[in-house]
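Enquirer: what follows is a protein structure lacking sequence information:
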């Protein structure tokens with residue numbers, strides 16, 4: 001992911017408290033970006049936080065449909081624009097926002113830019129005041145853009161903008177230069193090097209996968225394959241064990257022997273019929289074991305090809321090497337990935353909004369090896385170690401049968417709030433839809449062992465006509481005010497954007513900051529005074 005500069009509080013050193021305590025979050029403000037009696041419906045887009053104008057105070061840029069800039073301290077509205085428009089445009093229609101907001105300097109002019117993508121196919125780059133940069137917006141498709149990544153893929157000092165779409169065709173990925181020009185070699189997939197279809201979640205990840213000094217782009221989509229591209233759009237070759245295929249030419253089966261053969265009989269026999277669909281299968285490029293070699297961690301939906309997809313059987317979890325072979329090193333053999341991670345409660349978005357199993361890959365317990373967290377359709381937050389097992393009290397179920405309705409969890413953020421070496425896992429939940437009464441999602445804080453530290457209801461909907469609330473995307477953890485503690489900023493379904501104080505979190509080690517991280521794999525030192533920090537990859 002993109003290395004970039006943001007402004008938050010930071011500390012050069014700090015001493016551990018005599019007794020580590022994680023205090024309960026405290027609601028700071030609510031209904032940010034709402035109108036007088038209602039709020040736009042929030043989807044899967046995590047907010048972004050930065051000091052946009054360099055005045056030492058933090059702003060929040062977030063989007064449900066329209067794009068809003070909010071004052072960090074109070075949540076007060078600074079400006080609003082319709083998606084696909086800027087502040088010079090007349091008010092009009094706004095399109096839904098699925099991927100998180102990005103804030104970074106795309107063109108090297110030492111000023112922060114705001115990057116967004118929406119349904120209707122609009123992708124935009126704004127300056128820090130909400131006006132279009134030259135060459136923007138672009139509209140590569142009329143279908144919804146579900147994925148957005150901003151990164152300097154060719155390491156030339158300016159960023160590229162990668163968008164993926166729910167296109168219902170194999171052409172699903174575009175790479176734009178910072179000035180709005182489509183990069184040579186794109187869009188993809190544009191040849192017969194693999195199979196691809198629509199991308200229905202924020203699935204793509206960008207990083208230097210094979211240590212060649214450039215960044216590769218991994219794109220799972222609504223098929224059984226995941227494509228992996230060089231910056232010029234040429235697809236990466238897979239391991240010779242798959243013949244002469246590219247990444248996108250290798251179907252993903254539960255059985256490795258069936259995968260190596262290249263086809264299954266789809267006759268109902270598990271080894272011949274269980275394969276993975278990646279419509280909502282998000283990827284992460286990361287060094288899981290500390291050997292300075294990157295792997296691809298990806299989730300999918302395992303299904304029976306005799307029956308078709310959906311329904312899914314369970315959320316599948318894979319680790320692939322840079323050549324697409326399955327990770328197998330020492331005691332960690334992922335040639336057979338974890339199976340039966342939990343049957344879905346429901347896959348009907350008419351009943352409850354879709355669960356997005358975005359993997360979060362961090363060192364939870366301080367052993368310098370990565371663990372993999374993801375929310376699943378079984379109503380649980382999972383945490384897998386490299387030995388393919390869940391330790392301690394993982395998984396944790398947000399679904400409680402006694403409540404009488406389903407509940408799903410968001411992608412988490414991860415931070416060692418009390419600096420005790422055991423990281424906290426922070427996420428939200430949402431509830432099954434209803435037309436009577438009121439059902440509320442929660443804010444959940446767990447320790448690295450899956451123990452509940454705090455749980456509390458999210459605010460009530462602003463509109464009396466809405467009967468449920470919750471939050472679909474990951475929170476964003478950042479310092480949004482003048483004190484030394486961190487806060488959480490959350491895009492809710494029916495109460496707009498909200499913020500919580502995290503008392504006593506000054507000096508916390510942030511490991512996963514926001515939805516799909518939007519900073520890459522990083523560690524950071526924090527402090528009591530506002531300064532600029534560098535995201536380290």
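Expert: Nice, thanks for sending it over. Remember, predicted model here, so these are calculated numbers, not experimental data. Residues are numbered from 1 along each chain as shown.
Enquirer: now do the strands in the stretch 51-200 of the chain.
Expert: 59-63, 67-71, 77-81, 102-104, 113-117, 123-126, 145-151, 160-165, 173-176 (DSSP state E, counting those that start in this stretch).
Enquirer: including distance to residue 495 and mean pLDDT, could those go into JSON lines?
Expert: C-beta coordinates here come from the backbone N, C-alpha and C atoms, glycine included. Formatted as JSON lines, those follow (distance: least, CB to CB, whole Å; pLDDT from 0 to 100):
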{"stretch": "strand 59-63", "distance to residue 495": "13", "mean pLDDT": "98"}
{"stretch": "strand 67-71", "distance to residue 495": "14", "mean pLDDT": "98"}
{"stretch": "strand 77-81", "distance to residue 495": "15", "mean pLDDT": "98"}
{"stretch": "strand 102-104", "distance to residue 495": "23", "mean pLDDT": "97"}
{"stretch": "strand 113-117", "distance to residue 495": "21", "mean pLDDT": "98"}
{"stretch": "strand 123-126", "distance to residue 495": "26", "mean pLDDT": "98"}
{"stretch": "strand 145-151", "distance to residue 495": "24", "mean pLDDT": "98"}
{"stretch": "strand 160-165", "distance to residue 495": "29", "mean pLDDT": "98"}
{"stretch": "strand 173-176", "distance to residue 495": "34", "mean pLDDT": "98"}
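Enquirer: can you list those in JSON lines and add mean neighbour count?
Expert: Below are these laid out as JSON lines (neighbours: other CB atoms under 10 Å):
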{"stretch": "strand 59-63", "mean neighbour count": "27"}
{"stretch": "strand 67-71", "mean neighbour count": "24"}
{"stretch": "strand 77-81", "mean neighbour count": "16"}
{"stretch": "strand 102-104", "mean neighbour count": "24"}
{"stretch": "strand 113-117", "mean neighbour count": "28"}
{"stretch": "strand 123-126", "mean neighbour count": "24"}
{"stretch": "strand 145-151", "mean neighbour count": "27"}
{"stretch": "strand 160-165", "mean neighbour count": "26"}
{"stretch": "strand 173-176", "mean neighbour count": "24"}
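Enquirer: can you say which of those is nearest to residue 354?
Expert: Closest to residue 354 of the strands of the stretch 51-200 of the chain, according to CB to CB: strand 145-151, at 11.4 Å.
Enquirer: what lies in contact with that closest one?
Expert: Contacts to strand 145-151, defined as CB atoms under 8 Å, 6 or more residues apart in numbering, come from residues 1-2, 98-100, 102, 104, 106, 115-119, 121-123, 159-166, 199-207, 215, 217, 219, 516.
Enquirer: quick one: contacts of the helix with the most length in the chain?
Expert: In the chain, with assignment by DSSP state H, the single longest helix is helix 256-261. Residues from elsewhere that reach helix 256-261 (CB under 8 Å, 6+ apart): 241, 242, 250, 251, 252, 253, 264, 271, 272, 326, 335, 336.
Enquirer: if we can go back for a sec, and residue 371, which of the strands of the stretch 51-200 of the chain is closest to it?
Expert: strand 145-151 (23.1 Å).
Enquirer: before we move on, the earlier item: what is the most widely separated pair among the contacts of helix 256-261?
Expert: The widest separation within the contacts of helix 256-261 (CB to CB) is 19.5 Å, between 241 and 272.
Enquirer: out of those two, which sits in the more crowded spot?
Expert: residue 272 (20 against 14; other CB atoms under 10 Å).
Enquirer: now do the helices in the chain.
Expert: Under DSSP H, the chain gives helices at 256-261, 270-273.
Enquirer: just send the ones you listed back as a markdown table, with mean pLDDT too.
Expert: Formatted as a markdown table, the helices of the chain follow (pLDDT from 0 to 100):
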| stretch | mean pLDDT |
| --- | --- |
| helix 256-261 | 98 |
| helix 270-273 | 98 |
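Enquirer: make TSV out of those helices and add distance to residue 350.
Expert: Below are the helices of the chain laid out as TSV (distance: least, CB to CB, whole Å):
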stretch	distance to residue 350
helix 256-261	34
helix 270-273	27
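Enquirer: relative to residue 195, which of those helices is closest?
Expert: Short answer: helix 256-261, nearest of the helices of the chain by CB to CB, at 14.0 Å.
Enquirer: okay, buried residues for that closest one please.
Expert: 256, 258, 259 (16 or more other CB atoms under 10 Å).
Enquirer: go on, stretch 27-41?
Expert: Applying 16+ other CB under 10 Å to stretch 27-41 flags 28, 29, 30, 31, 32, 33, 34, 38, 39, 40 as buried.
Enquirer: how about the residues you listed, which pair is most distant?
Expert: Largest pairwise distance in those, by CB to CB, is 21.5 Å, between 28 and 38.
Enquirer: out of the buried residues of stretch 27-41, which sit inside strands?
Expert: 28, 29, 30, 31, 32 (DSSP state E).
Enquirer: report the beta-bridge partners for the second one.
Expert: Under DSSP bridges, the beta-bridge partners of residue 29 are residue 499.
Enquirer: ok, it - contacts?
Expert: 74, 75, 498, 499.
Enquirer: filter those residues to the buried ones?
Expert: 75, 498, 499.
Enquirer: report pLDDT for the second one.
Expert: The confidence metric pLDDT takes the value 98 at residue 498.
Enquirer: and it, how far from residue 70?
Expert: 11 Å (CB to CB, to the nearest Å).
Enquirer: how far does stretch 423-440 sit from the chain's center?
Expert: 18 Å (CA atoms, centre = their mean, to the nearest Å).
Enquirer: just the terminal-to-terminal distance for it.
Expert: Using CA to CA, to the nearest Å, the end-to-end distance of stretch 423-440 comes to 26 Å.
Enquirer: again, but for stretch 234-254
Expert: Start-to-end, stretch 234-254 (CA to CA) is 27 Å.
Enquirer: buried stuff in that stretch?
Expert: 235-239, 242, 245-254.
Enquirer: verify the stated contact: residue 446 with residue 424.
Expert: Yes. Counting by CB atoms under 8 Å, residue 446 touches residue 424, with 6.8 Å between them.
Enquirer: shared neighbours of these two, anything?
Expert: Residues touching both residue 446 and residue 424 (CB under 8 Å, 6+ apart) are residue 453.
Enquirer: now for the residue nearest to residue 255 when sequence neighbours are not counted: which residues touch it?
Expert: Spatial nearest neighbour of residue 255, chain neighbours left out: residue 271 (4.3 Å); criterion: CB to CB, 6 or more residues apart in numbering. Counting by CB under 8 Å, 6+ apart, residue 271 makes contact with 254, 255, 257, 258, 264.
Enquirer: for those residues, which one is nearest residue 405?
Expert: Scanning those for proximity to residue 405, where the rule is CB to CB, the winner is residue 254, at 31.1 Å.
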